[in-house]
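Asks: Next input, structure requested:
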Amino acid sequence: MIIDTIFCNGYKGTDSNVSTIERNRLPEDTDVIQKKKDSEDVWNEYEYPIKTSNLTKVYKGGLEAVGGTSFNVKRGEVFGLLGPNGAGKSSMFNIMTMEQKRTSGGVKLLNKELDEVKIRDDGAKFGVCPQHNTIWEQLTVD
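Replies: The predicted model follows:
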């Protein structure tokens, strides 16, 4: 557990990457714009255990993978994050699971700012189902 704690804590905070690569963006639908606004309005409300606010991730080299995304998931709600390849879905989950630093913006899990989450105390309260099974190579039979 100590290794996991050290590993995850190393990805808290923000990086200093700057967006320099111009990308084509699809226009946001009115319902997406409203959902963003609603997300800002519930930032401090308990019934939303997963929240992001203006979340941005820029990779070294200037590629902005996540551009100011805000959403929330209400307790008991099933939430799907859809988008084409390269839209930033995996980058957002990598930030929320502390596998990558964000460039800017906020994340709250169970009403704790991401930087305040303690893996030893809070880790058992979270779960994620990755796209690919990540442990097969580490499994052994004695």
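Asks: CA only for contacts and neighbour counts going forward, please
Replies: Will do.
Asks: residue ranges with poor pLDDT in the protein?
Replies: 1-11, 130-131, 133-134 (pLDDT under 70).
Asks: so where do the strands sit in it?
Replies: Using DSSP state E, the strands of the chain run over 50-58, 64-73, 104-109, 112-113.
Asks: for the longest one, packing partners?
Replies: Which is strand 64-73. helix 30-41, strand 50-58, helix 89-96 (3 or more Cα pairs under 8 Å, 6 or more residues apart in numbering; DSSP states H and E).
Asks: mind checking the end-to-end distance for stretch 83-98?
Replies: End-to-end distance for stretch 83-98, by Cα to Cα, to the nearest Å: 21 Å.
Asks: what's the answer for stretch 124-142, then?
Replies: 27 Å.
Asks: And stretch 24-38, by the same measure?
Replies: From its first residue to its last, stretch 24-38 covers 25 Å (Cα to Cα).
Asks: Please identify the buried residues of it?
Replies: By neighbour count, and taking 16 or more other Cα atoms under 10 Å as the criterion, the buried residues in stretch 24-38 are Lys36.
Asks: Can I get the helices and strands packed on strand 64-73 in a markdown table including distance to Val117?
Replies: What follows is these, written out as a markdown table (distance: least, Cα to Cα, whole Å):
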| stretch | distance to Val117 |
| --- | --- |
| helix 30-41 | 20 |
| strand 50-58 | 13 |
| helix 89-96 | 11 |
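Asks: among those, which is nearest Val107?
Replies: strand 50-58 (4.4 Å; Cα to Cα).
Asks: Give me the contacts around that closest one.
Replies: With contact meaning Cα atoms under 8 Å, 6 or more residues apart in numbering, strand 50-58 is reached by 17-19, 39-40, 43, 64-74, 91-92, 101-111.
Asks: partners of that strand, with directions?
Replies: Sheet pairing of strand 50-58 (DSSP bridges) gives strand 64-73 (antiparallel), strand 104-109 (antiparallel).
Asks: How far off centre is it?
Replies: For strand 50-58, the separation from the chain centroid amounts to 6 Å (computed by Cα atoms, centre = their mean, to the nearest Å).
Asks: just to revisit the earlier point, possible to save the strands of the chain as a markdown table with distance to Val141?
Replies: Shown next, in a markdown table, are the strands of the chain (distance: least, Cα to Cα, whole Å):
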| stretch | distance to Val141 |
| --- | --- |
| strand 50-58 | 37 |
| strand 64-73 | 39 |
| strand 104-109 | 36 |
| strand 112-113 | 39 |
